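Engineer: I would like to see how this sequence folds:
(one chain, ligands or ions: 2)
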Amino acid sequence: MKCKVDKSILTGTITCPPNKSYSHRAIFLAAMSDGKSTLRNVLLSRDTLATVNACKTFGAKIEINDSMVTVESNGRIDPQTLEIDASNSGTTIRISTAIASLSDKTITLTGDASLKKRPMGPLLDALKQLGVQCTSTDGKPPVTVKGRADGGSTHISGSISSQFISALLISGPKMKNGITLEIEGNLVSKPYLDSTISTMKKFGATVDTISPYKKYKVSNQEYKATDFVVPSDFSSMALLLSAAVLLGEGMSINASLGDLPQGDREILSYLEKLGVKINIGEKITVDSPKLLNGGKFDLSNNPDLLPPMAILALKTSKPIEIYNVKHARFKETDRIAILAKELTKIGVIVTENEDGLVLESPKVLKSAELESSEDHRLFMAFSIAGMFVGNCTITDPDSVDVSYPTFVEDMKKIGANITV
Ligand SMILES: O=C(O)C1=C[C@@H](OP(=O)(O)O)[C@@H](O)[C@H](O)C1
Ligand SMILES: C=C(OP(=O)(O)O)C(=O)O
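Structural biologist: Ligands and ions are numbered 1, 2, ... in the order given. This is a model prediction of the structure:
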């Protein structure tokens, strides 16, 4: 499927969707807690519904009423079926794989064509050290695990994904010996570990940080059912902020920021460095210069900011250099390669490096068909870029149901010329 986008001026208020990462965590931890948890402002998307289905498989009773989700559980992991389909969600399959290893049944975990290309090896190697039998398809899904994970000491590479570590921390309290986890090399996407530990704390579990992002100890302990409010999602907001910078005239963003840590809040400092003034009041607005400053950006901690940062090259006076984000190649797609190829089509001057991109403003803007390869963040970024260039076609609009199902209708309400 494709959609057409044309030059647009965005005016009015748009509401940022709930945070996908915290929605996943709250559902998983509630499913591991004895009692009833009430989760509010939960993101309901293809990814988080995959987590709901996984948790129902683990034995939790889950009811969804608009954005309020109630989860009832006895806290035990008792798989009702022997297969979990995580659809397009890396977070779901990584965390579900560790939780599934808490039972003594052989559980298969799989996903869609994109997910079947995403690495699982480091997590499986770490689980084997904890007494779990694991198989994979050349290090990728479908994978199988057979517990019961007793726990103990394990080590894992941090160079590909923080989700492997989040998965082990989350399942640690349920292992009779707890876990001591050592992370080898430099951990990518560090802030997501802070999100994991913060959410675990909300559900009554403590993590002993022996050395931040290097070594953790989690003792055997019970999760406690609780009420949880999901904040707005800075990863999605980054796309709306880039839209405001490129297309906004009187555009504002509604968001409930909360106080839970979000690594992608860094988008605010990156935009300030580019010369954009951010106004955070009842709503969020931006004052953008005609041309941005350019600059160098280490996105090791913020891989999902790559698409919204890359399209800002459409109006930069100096190059935007993005580096230290090789792990963006292991998302729904190889985002570095696709951004390089597709943004070149509309005139952006792109140099692709192994760990990032150098992007210079177009000399001449060119309309084109941009292929998002069913990657939700690429579709949204390319749509915004297409509204700046004009007369573009963008493939795979349905991909947004993964993280921002109302993106097209919300954007149209503030003036986006986008026709699916
Ligand atoms: O833990 C999470 O919720 C996520 C972690 C990040 O992945 P990596 O840790 O694999 O970089 C991020 O890209 C993803 O969108 C969500
Ligand atoms: C990569 C993403 O999520 P996941 O890893 O959960 O698929 C994303 O939301 O961009």
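Engineer: so the residue nearest to residue 214 when sequence neighbours are not counted is in which element?
Structural biologist: Counting by CB to CB, 6 or more residues apart in numbering, residue 214 lies nearest to residue 183, which is 5.5 Å off, once chain neighbours are set aside. C-beta: built from backbone N, CA, C; applies to glycine. Applying DSSP states H and E as the criterion places residue 183 in strand 179-184.
Engineer: neighbouring strands for that strand, and are they parallel or not?
Structural biologist: Using DSSP bridges, strand 179-184 pairs in its sheet with strand 152-157 (parallel), strand 215-218 (antiparallel).
Engineer: outside of the helix or strand just after it, which residues touch it?
Structural biologist: Heading C-terminal from strand 179-184, the first helix or strand you meet, by DSSP H and E, is helix 191-202. By CB atoms under 8 Å, 6 or more residues apart in numbering, the surrounding residues in contact with helix 191-202 are 21-22, 25-26, 29, 162-163, 165-166, 169-170, 173, 187, 206-207, 209, 213, 223, 226, 228, 260-264, 301-302.
Engineer: Same question for stretch 226-234.
Structural biologist: Residues contacting stretch 226-234 (CB under 8 Å, 6+ apart): 16-23, 26, 30, 33, 37-43, 199, 202-204, 255-258, 260, 262-265, 267, 403.
Engineer: can you give me the helices in the chain?
Structural biologist: 20-31, 46-57, 90-100, 121-128, 163-171, 191-202, 234-247, 267-273, 306-310, 335-345, 376-389, 407-413 (DSSP state H).
Engineer: Relative to ligand 2, which of those is closest?
Structural biologist: Of all the helices of the chain, helix 90-100 sits nearest to ligand 2, with 2.8 Å by CB to the nearest ligand atom.
Engineer: what is the rounded mean pLDDT of the closest one?
Structural biologist: For helix 90-100, mean pLDDT rounds to 98.
Engineer: how much does it deviate in direction from helix 20-31?
Structural biologist: 20 degrees (axes from the mean of the first three to the mean of the last three CA atoms, to 10 degrees).
Engineer: The protein against ligand 1: which residues are in contact?
Structural biologist: 21, 91, 161, 162, 163, 166, 188, 189, 192, 303, 304, 327 (CB under 6 Å from any ligand atom).
Engineer: so who does the closest residue to the last one other than its chain neighbours touch?
Structural biologist: Here the nearest residue to residue 327 in space, its sequence neighbours aside, is residue 188; by CB to CB, 6+ apart that works out to 4.7 Å. Residue 188 sits next to 158, 159, 160, 161, 162, 300, 301, 303, 327 when contact means CB under 8 Å, 6+ apart.
Engineer: Pick out whichever of these sits closest to residue 365.
Structural biologist: residue 303 (27.3 Å; CB to CB).
Engineer: Could you check the pLDDT of that closest one?
Structural biologist: Value listed for residue 303 in the pLDDT field: 98.
Engineer: Next, find the distance separating it from residue 405.
Structural biologist: Taking CB to CB, to the nearest Å as the measure, residue 303 falls 22 Å from residue 405.
Engineer: ditto for residue 174
Structural biologist: 32 Å.
Engineer: Please say which of those two ends up with more neighbours.
Structural biologist: Here residue 174 and residue 405 are compared on neighbour count by other CB atoms under 10 Å; more neighbours surround residue 174, at 26 against 17.
Engineer: then stretch 405-420 to PDB, C-alphas only?
Structural biologist: What follows is stretch 405-420, C-alpha atoms only, in PDB (Å, rounded to 0.1, in the frame of the first residue of the first chain):
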ATOM      1  CA  PRO A 405      -1.900   3.900  14.900                       C
ATOM      2  CA  THR A 406      -3.600   7.400  14.700                       C
ATOM      3  CA  PHE A 407      -0.600   9.100  13.100                       C
ATOM      4  CA  VAL A 408      -2.200   9.800   9.600                       C
ATOM      5  CA  GLU A 409      -5.500  11.000  11.000                       C
ATOM      6  CA  ASP A 410      -3.900  13.100  13.700                       C
ATOM      7  CA  MET A 411      -1.600  14.700  11.200                       C
ATOM      8  CA  LYS A 412      -4.400  15.400   8.800                       C
ATOM      9  CA  LYS A 413      -6.300  17.200  11.500                       C
ATOM     10  CA  ILE A 414      -3.500  19.800  11.800                       C
ATOM     11  CA  GLY A 415      -3.100  20.300   8.100                       C
ATOM     12  CA  ALA A 416      -1.100  17.500   6.700                       C
ATOM     13  CA  ASN A 417      -1.700  16.800   3.000                       C
ATOM     14  CA  ILE A 418      -1.600  13.000   3.200                       C
ATOM     15  CA  THR A 419      -3.900  10.700   1.300                       C
ATOM     16  CA  VAL A 420      -3.800   7.000   1.900                       C
END
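Engineer: Brilliant, that's me finished.
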